[in-house]
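In: Kindly return the folded structure for what I paste below:
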Amino acid sequence: MDSGIRARKSALSVVGGPISLDLTLRSGQVFHWDRLEDGSWVGLIGDRFVRVSERNGALETDRGSEGIVRNYFSLDHPLDEIYAAFPDDPLSREALEMCRGMRIIRQPRWECLATFITSSMKQVAHIRAMSLAIRKSFGPQIGEVFAYPSPGVLARADEPSLRACGLGYRAANLLATARRVADGKVDLEALSRLETEDLRNALTALPGVGVKVANCVLLFAYERLDAVPIDVWIHRVLLSMRRGRDGTAAQLARYARRRLGPYAGYVQQYLFHRARVSSK
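Out: Okay, here's the model as predicted:
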């Protein structure tokens, strides 16, 4: 936690649940939120500073922020229906019991795409460090925190400045994609109208976006809840489910969608968090 950030005192309003904030915000979906000593969390939703806290499984936030918070934390997702669709196997059931209340966040599309371009071959702590460095170096300051810079701002940056944020070779990819979005060659909002496979193909045409990153963006920014990002953790889980039978990336992706069901993205996120926590 950045000890310089303090919760703003204002009236709180209950916006619904159930939700586990700690699980949701620590599950590798987003990387810029801070947990305060009183258990509340502060961060930005786009360019809006918000404070959220959990009370008896429900979510509270500052009055006036209810709508944006309800949407961001996907409080309309039918968790009971999603849980009923979880596969009936020991790994999935253990992940479900460990992670009840975790929700898939609806992220701003550019912020999600850019963040996951920088995530390649990095652990959560490293992704967070890069994200915060980019925000501080290029983003507008809002109160005590920094927003993620727009595509236009990053398009005017240079590669050495981005490398200074710890991006390494990822700097060139982020810069090239920012320029494509900024000059209108890619319209991230218009892409939402595409079918999932066409959208995946459009995303993988961008610099720095492979299938895994594309599936992260599909799941977290475009709400394609059957998308399954396959990283090293999920690869191991799928091998276990397949009793050691490996396969190509395409074969594993097809198996994952079939085995994990209509809410495969949710199942994947629960399995991912369980695997990371268990490894520690």
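In: what comes up buried for stretch 13-20?
Out: Within stretch 13-20, the residues that count as buried by 16 or more other CB atoms under 10 Å are Val15, Gly17, Ile19, Ser20. Quick note: C-beta positions are derived from backbone N, CA and C, even for glycine.
In: so who does the residue nearest to Ile45 when sequence neighbours are not counted touch?
Out: Of all residues beyond its chain neighbours, the one nearest Ile45 is Tyr72 (4.8 Å), with distances taken as CB to CB, 6 or more residues apart in numbering. Residues near Tyr72 by CB atoms under 8 Å, 6 or more residues apart in numbering: Ile45, Ile105, Arg106, Gln107.
In: Any chance of CSV for these, columns distance to Tyr83?
Out: Shown next, in CSV, are the contacts of Tyr72 (distance: CB to CB, whole Å):
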residue, distance to Tyr83
Ile45, 26
Ile105, 18
Arg106, 19
Gln107, 22
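In: got a pLDDT number for Arg8?
Out: At Arg8 the predicted local distance difference test score is 55.
In: same question, Leu113
Out: pLDDT for Leu113: 98.
In: who does the lengthiest strand in the chain touch, helix- and strand-wise?
Out: With DSSP state E applied, the strand covering the greatest number of residues in the chain is identified as strand 48-55. The helices and strands touching strand 48-55, judged by 3 or more CB pairs under 8 Å, 6 or more residues apart in numbering; DSSP states H and E, are helix 21-25, strand 41-45, strand 58-62, helix 66-72.
In: still on that earlier bit, just the ones in strands from the buried residues of stretch 13-20, please.
Out: Judged by DSSP E, these include Val15 as members of strands.
In: pLDDT and distance to Thr115 for the buried residues of stretch 13-20 - can I get that in TSV?
Out: As requested, those are arranged in TSV below (pLDDT from 0 to 100; distance: CB to CB, whole Å):
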residue	pLDDT	distance to Thr115
Val15	81	25
Gly17	82	26
Ile19	94	22
Ser20	95	22
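In: Show me what counts as buried in the longest strand of the chain.
Out: For strand 48-55, burial by neighbour count (16+ other CB under 10 Å) applies to Phe49, Val50, Arg51, Val52, Ser53, Glu54.
In: again with stretch 72-91
Out: Taking 16+ other CB under 10 Å as the neighbour-count basis, stretch 72-91 is seen to contain the buried residues Tyr72, Phe73, Ser74, Leu75, His77, Leu79, Ile82, Phe86, Pro87, Leu91.
In: same question, stretch 57-68
Out: Neighbour-count burial for stretch 57-68, counted by 16+ other CB under 10 Å, picks out Leu59, Glu60, Thr61, Asp62, Ser65, Glu66.
In: Grab the nearest non-local neighbour of the fifth one.
Out: To tie it back to what came earlier, the one meant is Ser65. Spatial nearest neighbour of Ser65, excluding adjacent residues (CB to CB, 6+ apart): Val50 at 4.8 Å.
In: Look up which residues are beta-bridged to the one you found.
Out: Residues in a beta bridge with Val50, per DSSP bridges, are Gly43.
In: Isn't it up against Arg70?
Out: No: here Val50 lies out of contact with Arg70, judged by CB atoms under 8 Å, at a distance of 11.2 Å.
In: Farthest pair within the buried residues of stretch 57-68?
Out: Based on CB to CB, the longest span within the buried residues of stretch 57-68 runs between Leu59 and Asp62 and measures 11.7 Å.
In: so where's the stretch 1-150 of the chain uncertain?
Out: The model of the stretch 1-150 of the chain has pLDDT under 70 over residues 1-12.
In: Go again with 90.
Out: Judged by pLDDT under 90, the stretch 1-150 of the chain has its weakly predicted residues at 1-17, 55-58, 120-124, 143-144.
In: Show me the helices in it, by range?
Out: Per DSSP state H, counting those that start in this stretch, the stretch 1-150 of the chain carries helices over the ranges 21-25, 66-72, 79-84, 90-99, 109-117, 124-138.
In: To Val181, which of those helices lies closest?
Out: For Val181, the closest of those is helix 109-117, at 6.5 Å, according to CB to CB.
In: Measure how the closest one sits relative to strand 41-45, angle-wise.
Out: 110 degrees (axes from the mean of the first three to the mean of the last three CA atoms, to 10 degrees).
In: Tell me the one among the buried residues of stretch 57-68 nearest to Ser279.
Out: Of all the buried residues of stretch 57-68, the one sitting nearest Ser279 is Leu59; the distance, using CB to CB, is 28.9 Å.
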